[in-house]
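Student: prediction below, plus the sequence it came from.
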Amino acid sequence: MIFGSAILSGAATFIYFVKTGQDTENLFSFSFFGKLLIIVILIIMLPLILAFSFYFGLWHSLHSLENIRIHLSRQNQTIVSWPALLKKSIPLTLLAILFIAAIIYFLRFNSNNSSMLLTFFIGIAILTAPHLQVMGRMYRNNDSLMNWFDCD
């Protein structure tokens, strides 16, 4: 099953590169396969919740932040540093943490862990809805913005 999933994922990635006209040399680079191998091994070895947390919390977030940093650097025509980007993100990050803490606080009286987990994921999905709109607008306005395969 894992082998079949890996083959299907590889084929889908290749088709994506070809259909979007992206540089297929990046597809066959060590950087891409190294990253893919690390994430696949971790996801296979970790329990589902931890695997999702690793992917979403680290992998996806770091690539998105790097794309935001590059976009802001191009927009401002000056390099935006990681510390400057993180400093700008503090207010909304604190608001998100408060929102998640509120969800946990109000659900702690419920003894059904499955219900709590489901509500937690729904809360995170609601919290990330503005992120989808902002990132979509950013990518549409800058077609040449590097994709996650190029982030080193």
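Tutor: Structure received. This one's a predicted model, so the numbers in the text were calculated from it and none came from an experiment.

Student: elements contacting whatever helix or strand F121 lives in?
Tutor: Using DSSP states H and E, F121 sits within helix 113-141. Applying 3 or more CB pairs under 8 Å, 6 or more residues apart in numbering; DSSP states H and E, one finds that helix 113-141 contacts helix 61-76, helix 82-107. Every residue, glycine included, has its C-beta placed from N, CA and C.

Student: can you tell me which of those helices is most buried?
Tutor: Stretch with highest mean neighbour count among the helices and strands packed on helix 113-141: helix 61-76 (a mean of 15; mean count of other CB atoms under 10 Å).

Student: in CSV, could you pull the C-alpha coordinates for that helix?
Tutor: Extracted C-alpha coordinates of helix 61-76, given in CSV (Å, rounded to 0.1, in the frame of the first residue of the first chain):
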residue,chain,number,x,y,z
SER,A,61,4.6,26.6,7.5
LEU,A,62,8.3,27.1,6.9
HIS,A,63,7.8,26.9,3.1
SER,A,64,4.9,29.4,3.3
LEU,A,65,6.8,31.8,5.4
GLU,A,66,9.8,31.6,3.0
ASN,A,67,7.5,32.4,0.1
ILE,A,68,6.0,35.3,2.1
ARG,A,69,9.4,36.6,2.9
ILE,A,70,10.5,36.5,-0.8
HIS,A,71,7.2,38.1,-1.8
LEU,A,72,7.6,41.0,0.7
SER,A,73,11.3,41.4,-0.3
ARG,A,74,10.3,41.8,-4.0
GLN,A,75,7.4,44.1,-3.1
ASN,A,76,9.5,46.3,-0.9
